[in-house]
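> Starting from these lines, generate the structure:
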Amino acid sequence: MRDFVARRVAAVPPSGIRRFFDIAATMEDVISLGIGEPDFVTPPEILEAGIRSLRNGRTHYTSNSGTQDLREAVAVHLQRLYGVTYEPRAEILITVGVSEALYLTLTAVLDPGDEVIVPTPCFVAYQPEILLAGGVPVELPTRLEDGFQVRPEALEHRVTPRTKAVLLGYPNNPTGAVMSRQNLTGVAAIAERHDLLVISDEIYDRLVYGGHEHVCFASIPGMHPRTVTLGGFSKDYAMTGWRIGYAAAPAELLAALRKVHQYTIMSASTTAQDAAVEALLHGEPHVERMRTEYDRRRRLIVGGLNELGLPTFEPLGAFYAFPSIAATGMNDQAFAEALLSEERVAVVPGSAFGADGGFVRCSYATAYEKIEQALERLRRFMQHHG
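The predicted structure is shown next:
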């Protein structure tokens, strides 16, 4: 019998993150610094809004675009934080997490062979989603010495006649880098000059530390008409399991995303949408509380890794540290496997995110005490391998 699997699907490798989670799941007493998920429970007011939605019988489909209440709340939220104006009815679409928003965008805009420039290291789904949509991912390595930011001159060198879009993910997973306004303005000039779309994944927008700011790409002068802004609730509001996000874009472009969404999803969960409204209206104190705690953990893990001889770029956003493991003489796969086997600490090889083999990702979305224990285990490990 012939192979029925599509070639583009067969060509996509399995997630490099899942492999280590699967191994760790078979072991006892593992401290995971691998998972990129808040360890906080969804704040109680948001939970209650979801429960109230169910009890009130709101168990039916919403509009394909999402509830009007949530779209209006998203529009107010983006205007208040970043000065970006979106019309709720025509320019905002509620999705099943940012993952669906990314899928819709790539499927709606890419023709076979279109190129998308992807700065790396980046979230593991970017290149596979481009391939699944029929496009060609063109990786643009960022450098530690540049703070893992995109250098506009390097981006310019990646543009070809087949380039259709640039996919940005800042604050960045896995490095914690935050793009400066200056560099974003440079990217904007290139997008304007070459008539490119910019897809801006801003899922970690509220998790920025140390007086730094997140700049919404659509707020850069002239960029609103050529930007798809992707955002959501998973990271900022500890709502990963609710699976709720959004895409915001000019009306004509958003109509194309909505068309794919209509035939693929119908609508996002009504319960999750009602909870998300509560998050935007009254969740700010919880966002600040969680950000403050992440910052405390950030300082602990970065200081601890540096002290152990694992030089670590200071993450300015998200909740990941990205230490260099050069001192051990191992590549990232060997380091992660040995650390898990010998000390029961799970990290993710940097190559899973498109980095070279000299880094690993450590999430600090876990309890402060667990991070302390993980650092003590890493100390023993480095005594043998450092």
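> Quick one: neighbours of the nearest residue to Ser63 once chain neighbours are set aside, just the number.
Ranked by Cβ to Cβ, 6 or more residues apart in numbering and with sequence neighbours excluded, the top spatial neighbour of Ser63 is Ser267, at 6.7 Å. Just so you know, the C-beta spots here come from the backbone N, C-alpha and C atoms, and that holds for glycine as well. For Ser267, the neighbour count with other Cβ atoms under 10 Å is 19.
> isn't Ser267 right up against Gly66?
Yes: in this structure, Ser267 is within contact of Gly66 by Cβ atoms under 8 Å, at 6.8 Å.
> shared neighbours of the two, which are they?
Residues touching both Ser267 and Gly66 by Cβ atoms under 8 Å, 6 or more residues apart in numbering: Ile94.
> Out of the helices and strands in this structure, which is least certain?
helix 16-24 (a mean of 71; mean pLDDT, DSSP states H and E).
> How about residues contacting stretch 218-230?
Counting by Cβ under 8 Å, 6+ apart, 78, 82-85, 98, 101-102, 105, 181, 184-185, 188, 191-192, 195-203, 216-217, 245-250, 253, 257 sit against stretch 218-230.
> got the residue ranges for the strands in this structure?
Here the chain has its strands, by DSSP state E, at 31-32, 92-95, 115-120, 136-141, 163-169, 197-201, 227-232, 245-248, 320-321, 345-346, 348-349, 360-363.
> coming back round to it: show me what counts as buried in the least confident helix or strand of the chain.
16-17, 19-20, 24 (16 or more other Cβ atoms under 10 Å).
> Also stretch 76-84?
Within stretch 76-84, the residues that count as buried by 16+ other Cβ under 10 Å are 77-78, 82, 84.
> ditto for stretch 221-238
For stretch 221-238, using 16+ other Cβ under 10 Å, the buried residues are 223-224, 226-238.
> my read: Leu168 touches Cys216, true?
No: if you go by Cβ under 8 Å, Leu168 and Cys216 don't touch, sitting 11.0 Å apart.
> okay, and the common contacts of these two?
Common neighbours of Leu168 and Cys216 are listed as Ser200 (criterion: Cβ under 8 Å, 6+ apart).
> returning to what we had before: nearest to Val5, of the strands of the chain?
The minimum distance between Val5 and the strands of the chain falls on strand 136-141, with 20.0 Å, by Cβ to Cβ.
> Pick the one among the buried residues of stretch 221-238 closest to Tyr364.
Distance to Tyr364 across these (Cβ to Cβ) is lowest for Lys235, with 12.7 Å.
> Tell me who's in contact with that closest one.
Here Lys235 is in contact with 38, 203-204, 206-207, 318-319 (Cβ under 8 Å, 6+ apart).
> what's the answer for Ile325, then?
Ile325 sits in contact with 310, 332, 335, 358-360, where contact means Cβ under 8 Å, 6+ apart.
> Please repeat the previous calculation with a cut-off of 10 Å.
305, 309-311, 331-332, 334-336, 339, 347, 349-350, 357-360, 382, 385-386 (Cβ atoms under 10 Å, 6 or more residues apart in numbering).
> Relative to Glu288, how far out is it?
34 Å (Cβ to Cβ, to the nearest Å).
> Ala25 too?
In terms of Cβ to Cβ, Ala25 sits 33 Å off from Glu288.
> ok, now Leu155?
Taking Cβ to Cβ, one finds Leu155 at 34 Å from Glu288.
> Arg193 now?
Distance of Arg193 to Glu288, given as Cβ to Cβ: 39 Å.
> At which residues are the helices of the stretch 101-250 of the chain located?
126-132, 152-158, 181-194 (DSSP state H, counting those that start in this stretch).
> what about the stretch 1-150 of the chain, any weak spots by pLDDT?
For the stretch 1-150 of the chain, the stretches flagged by pLDDT under 70 are 20.
> Kindly recompute the last result at 50.
Within the stretch 1-150 of the chain, the set of residues satisfying pLDDT under 50 is empty.
> so what are the domain limits for the chain?
According to automatic domain parsing, the chain comprises the domains 7-42+285-385, 56-282.
> Of all those, which one is nearest Ala49?
Comparison of these against Ala49 by Cβ to Cβ identifies domain 56-282 as nearest, at 3.6 Å.
> about what we covered before: give the buried subset of the contacts of stretch 218-230 as a PyMOL selection command.
In PyMOL, a selection of the buried entries from the contacts of stretch 218-230 looks like this (16+ other Cβ under 10 Å):
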select buried, resi 78+82+84+98+101+102+105+184+185+188+191+196+197+198+199+200+201+202+203+216+217+245+246+247+248+249+250+253+257
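> still on that earlier bit, more neighbours: which of Leu155 and Glu288?
Neighbours per residue (other Cβ under 10 Å) separate Leu155 from Glu288, with Leu155 holding more: 22 against 11.
> Tell me who's in contact with that one.
So Leu155 contacts 117, 119, 140, 163, 166, 183, 186-187, 189-191, 194, 196 (Cβ under 10 Å, 6+ apart).
> repeat for Lys164
Applying Cβ under 10 Å, 6+ apart to Lys164 gives the contacts 109-111, 113-117, 135-136, 194-197.
> what's the spacing between it and His224?
Going from Lys164 to His224 by Cβ to Cβ gives 18 Å.
> same question, Ala247
14 Å.
> Pull the CA coordinates from the least confident helix or strand of the chain and hand them back as PDB.
What follows is helix 16-24, C-alpha atoms only, in PDB (Å, rounded to 0.1, in the frame of the first residue of the first chain):
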ATOM      1  CA  GLY A  16      12.600  18.700  20.200                       C
ATOM      2  CA  ILE A  17      10.900  19.800  23.400                       C
ATOM      3  CA  ARG A  18       8.500  16.800  23.700                       C
ATOM      4  CA  ARG A  19      11.300  14.300  23.600                       C
ATOM      5  CA  PHE A  20      12.800  15.400  26.900                       C
ATOM      6  CA  PHE A  21       9.400  15.800  28.600                       C
ATOM      7  CA  ASP A  22       8.600  12.200  27.600                       C
ATOM      8  CA  ILE A  23      11.900  10.900  29.100                       C
ATOM      9  CA  ALA A  24      11.400  12.900  32.300                       C
END
